[in-house]
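1. got a predicted model here, sequence first, then my questions.
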Amino acid sequence: MDVASAPISQPEVIKADFLSRKLVPHFGVRARQITLLTLMVMIIVLVIIIANIANLTNFVIIRTEAEASQLSDQIIIALQQDMITPISEGDPTPLVAIAGHSSSSSRRQMEATLRTTPAIAYLYVTNSDGQMVTDDKGKNPLAVNMQILEGRNGKPPDLDKLAKANGYLQLFRLLGSDSLYELRSEIKLEDEPVGNLTIGVSAATIFKELSEPLKINLLIGLISVIGAAIVAGISANVLLRPLEVISSSIDQLETQNSRNVFIEEHLPRDEMVTGVTARLKQLGARLADERSELEIMRGRLRQVISHLEDRLLLINREGRVILASPDAEQLLGVQSEISGLPIDETLGMNHPLVVLVERAFNERRSIARTTLRSTGRLKGRQVLASVQYIEDAGVPVGALVSLRDYESYQKFESQWDLSKKLADLGRITSGIAHEVKNPLNSMVIHLEILRSKMESGAADPTPQIEILDSEIRRLDRVVQTFLNFTRPVEVRLEPLDLNSIVKQVVALASMEAAERGVTIQKELLSGQLMVKGDTDLLKQSLLNVILNGCQSMPEGGLLIVSTALNEDHHARIIISDSGIGIPEDARDRIFNLYYTTKQGGTGIGLAQAFRAMQLHNGSISFESKVGIGTTFEITLPTLR
């Protein structure tokens, strides 16, 4: 089916429960219990392992930093000793002189440190300007194993900063991209800084030291998880065995004897199971009674909805049709039974009725009557559908779908419109009887007087003849007015701006309003308010209502004329006065022809306005409070 009256797009909000169902594995109680216990143990073990490795990492890094600091102090002492004892005269600087002699004690100390300490990757000495110390020929740098730094961009991070971090951050950094860390110490001679000693520490060596404890911890964790799964499986079997027997016995609740025998033979003998057995017996009896009542209520409900003009579908929150009117499938153009089945499976996910129900669940609101078009074996047939969203305490419960054949509804609507128009015509013309009855009564009385005069021959019949002539003319005017009022009017419908019509009518009524001390205030909707109507009829109707409001304020006042759009996008003209109001006993007859509450009034103005709104498929209504004022509202369909 395709939406005919208004397009219904697939909503992009969260899907309703029944439209978001997915094929997922169904786990039983035992599987869920084992999985949950195993997962809990796994999480606990993982947290313990991470905490343990983090603490061990912190210990190893602090120990490595302490060893590097101790070795740095030893090498600096050797360098200071070499600088105090000049090797030869004429050396430019003590460090340069040391760099020129490969047999110096400090260089031997550096080489020995590299051999004996696996964590130390390289060592080098820089001067106070940060330049690598070499001999006077620019060769033989005072460094050991410097080829590790070849091709590396940037300076490695500080080892002392890593040592000050917490264990988790240290473990994260060791697993990161930094493979080297440096410990930098200042070299002084006679309290004057002459250079710096840098020791490079390999992160891989540190992590290698942690690998063995990590393997042990992971092995212990794996054993713990496997043991937890085994224990969970055993406990699930022990704990769920009575539940399995109870679950199996529920299938036997159809027959009282078989249920009792099955439960007594298979359930363990303890107080808990005995209590459950008694409860199962009670539950079986209660279920049987409630099932019978439910079937009776279901049958009655089906009888009720089978006599309704609309076809109804009751859908739960999962999208399953739990109740359907007879012939609902025929109206939807499907051949299979839809009662008891998911609506999206029987009709299809893209079916407009499914989309309509989905939209009601997503927007959590009812959807008014919408026209759908069949695409099945009844292709082209139109169906009217509405969805009543049902919820309980803010929780979605389901939806009630109402379906009706569009053609039969259209016939009913046309009959209803005809009866409504006839009723409105009767309402308008109900005053004609009174207007015709008065001159007829007067004519009967004066005819009797005229006959008596003619029989006696003693009086002049001229006054009675004149009165009869006047009443006949009066009756003719009444009848002619009624004929003119009810005669079909040629309505010239054309697009027009209602705001412009209101402005013109207010200008026409402004003179009489000023004479009565009435101020007319316009509050018009911005822009154009386009309708399709007859300019003359609308002007006359609007003028009648405005003048009626001005005449209801004998001491003057404020009359407000405004335009607006209602929720159904119909144009509204609101005319509010602060006059004497309409009495309670006159409100049902205010639109009757010839009915008036004003002295000297004709009773035609409001009746003419009422009929003009009929001819435009519009409406006119009012609210009034005696002594406060009256508000008339005219509603017209807008031009689309």
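-> Sure thing, it's come through. Small disclaimer: the values here were computed from a predicted structure and weren't measured. Numbers count the residues shown, from 1 in each chain.
2. now the helices for the stretch 501-640 of the chain?
-> Ranges of helices in the stretch 501-640 of the chain, per DSSP state H, counting those that start in this stretch, are 535-551, 605-615.
3. sorry, slip of the keys, the one I care about is the stretch 101-250 of the chain.
-> Using DSSP H, counting those that start in this stretch, helices in the stretch 101-250 of the chain cover 105-116, 159-164, 167-174, 203-250.
4. still on that earlier bit, in CSV, list the helices of the stretch 501-640 of the chain along with mean neighbour count.
-> (Each C-beta comes from the backbone N, C-alpha and C, glycine too.) Converted to CSV, the helices of the stretch 501-640 of the chain look like this (neighbours: other C-beta atoms under 10 Å):
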stretch, mean neighbour count
helix 535-551, 21
helix 605-615, 21
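5. show me the shaky parts of the stretch 101-250 of the chain.
-> For the stretch 101-250 of the chain, the stretches with pLDDT under 70 are 101-103, 135-136, 138, 151, 176-178, 240-250.
6. swap in 80 and give it another go.
-> By pLDDT under 80, the low-scoring segments of the stretch 101-250 of the chain are 101-106, 128-130, 133-142, 147-154, 174-179, 189-191, 232-233, 235-250.
7. domain parsing for the chain?
-> Here the domain parsing of the chain from automatic domain parsing is 2-17+297-407, 30-213, 430-486, 494-637.
8. looking at those, which is closest to residue 236?
-> domain 30-213 (4.6 Å; C-beta to C-beta).
9. do you know how far residue 52 is from residue 59?
-> 11 Å (C-beta to C-beta, to the nearest Å).
10. so which of those two has more stuff around it?
-> For residue 52 versus residue 59, neighbours defined as other C-beta atoms under 10 Å are more numerous around residue 52 (17 against 13).
11. can you redo the helices of the stretch 501-640 of the chain as a markdown table with distance to residue 134 and mean pLDDT?
-> Output for these, formatted as a markdown table (distance: least, C-beta to C-beta, whole Å; pLDDT from 0 to 100):
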| stretch | distance to residue 134 | mean pLDDT |
| --- | --- | --- |
| helix 535-551 | 105 | 87 |
| helix 605-615 | 107 | 81 |
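12. out of the ones you listed, nearest to residue 502?
-> Residue 502 sits nearest to helix 535-551 of all the helices of the stretch 501-640 of the chain, at 6.9 Å, using C-beta to C-beta.
13. what residue is smack in the middle of this protein?
-> Nearest to the mean C-alpha position of the chain, by C-alpha atoms, centre = their mean, lies residue 363 at 5.4 Å.
14. roughly how far does it sit from residue 395?
-> The value you get for residue 363 to residue 395, if C-beta to C-beta is used, is 16 Å.
15. what would the helices of the stretch 501-640 of the chain look like in a markdown table with distance to residue 155?
-> Compiled in a markdown table, the helices of the stretch 501-640 of the chain are given as follows (distance: least, C-beta to C-beta, whole Å):
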| stretch | distance to residue 155 |
| --- | --- |
| helix 535-551 | 88 |
| helix 605-615 | 89 |
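16. who wins for proximity to residue 527 among the ones you listed?
-> Once the helices of the stretch 501-640 of the chain are compared by C-beta to C-beta, helix 535-551 is nearest, at 18.8 Å.
17. and the angle from the closest one to helix 605-615?
-> Here the directions of helix 535-551 and helix 605-615 differ by 140 degrees (axes from the mean of the first three to the mean of the last three C-alpha atoms, to 10 degrees).
18. run through who's touching helix 535-551.
-> 489, 491-492, 494, 496, 498, 501-502, 504-506, 508-509, 512-513, 516, 518, 520, 559, 561, 573, 575-577, 579, 598, 605-606, 608-609, 612-613, 615-616, 620, 630, 632, 634 (C-beta atoms under 8 Å, 6 or more residues apart in numbering).
19. now the buried members of the residues you listed.
-> Buried residues within these, counting neighbours by 16 or more other C-beta atoms under 10 Å: 496, 498, 501-502, 505-506, 509, 513, 516, 518, 520, 559, 561, 573, 575-577, 579, 605-606, 608-609, 612-613, 615-616, 620, 630, 632, 634.
20. nearest to residue 191, of the helices of the stretch 101-250 of the chain?
-> helix 105-116 (19.3 Å).
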